[in-house]
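Colleague: Mind looking at a prediction? Sequence and model below.
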Amino acid sequence: MTSDRRWGRRLPHAQDALFVYGTLQFPKVLVELLGRAPDLTPAVLPGRRAAALPGRAYPGLVSASSGSTAGFLLTGLTAGEWRVLDAFEDDEYDLIPVSVHAGDREVYAWTYSWIAEVLPEDWSAVAFAADHLPRYAEKCAAWRRDLVLLTGTL
């Protein structure tokens with residue numbers, strides 16, 4: 001899923017948090033991709049929404065002046081885990097810094113913002129869990145096996 005435009009991108013430091021709002025908020029998906037589920041802290045990102053995408057089970061984060069997106073801060077990622085997640089995300093995502101609210105704290109984190117076409121409706125984590133999660137987790141496991149075969153690393 002990585003393209004040539006990503007080769008020069010510098011990834012965040014291992015201690016940096018990642019705000020997740022879509023499929024990466026599900027421990028089952030994280031376990032398939034990373035081999036573990038890092039710490040997840042509830043958080044809200046103002047000024048953005050998790051939009052449904054045409055023909056895809058996962059969402060894209062886009063600007064929404066009056067909206068906000070509920071998600072989680074993913075912390076404790078290693079440099080290798082950052083590389084895996086960055087390779088996993090589609091080319092239509094851009095890694096950007098954001099400020100999120102986690103309880104009564106304002107936290108600076110990174111997130112993947114969508115840069116392509118979206119649908120007018122919001123993505124539903126509840127609907128995704130009910131309709132797609134088991135099969136999506138299987139696809140993540142297969143993707144991870146292919147990554148290991150291609151790169152020779154975990």
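Modeller: Great, that's in hand.

Colleague: residue contacts, Phe128?
Modeller: Gly22, Thr23, Ala57, Tyr58, Tyr136 (Cβ atoms under 8 Å, 6 or more residues apart in numbering). Any C-beta I mention is one placed from the backbone N, CA and C, and that applies to glycine too.

Colleague: Sort out for me which of the residues you listed are in helices.
Modeller: Tyr136 (DSSP state H).

Colleague: Val44: which of the contacts of Phe128 is nearest?
Modeller: Nearest to Val44 among the contacts of Phe128 is Gly22, at 14.6 Å by Cβ to Cβ.

Colleague: wait, that closest one sits on Pro59?
Modeller: Yes - between Gly22 and Pro59 there is a contact under Cβ atoms under 8 Å: 4.3 Å.

Colleague: where do the contact lists of these two overlap?
Modeller: Ala50, Trp123.

Colleague: ok, the closest residue to His132 other than its chain neighbours to Lys139 distance?
Modeller: By the measure of Cβ to Cβ, 6 or more residues apart in numbering, the closest residue to His132 outside its immediate chain neighbours is Ala57, 4.4 Å from it. Note on Ala57: its distance to Lys139, by Cβ to Cβ, to the nearest Å, is 9 Å.

Colleague: same question, Leu85
Modeller: 15 Å.

Colleague: Same check on Leu30?
Modeller: Taking Cβ to Cβ, one finds Leu30 at 14 Å from Lys139.

Colleague: how many neighbours does Val126 have?
Modeller: Residue neighbour count, defined by other Cβ atoms under 10 Å, stands at 7 for Val126.

Colleague: Same check on Ala141?
Modeller: Counted with other Cβ under 10 Å, Ala141 comes out at 15.
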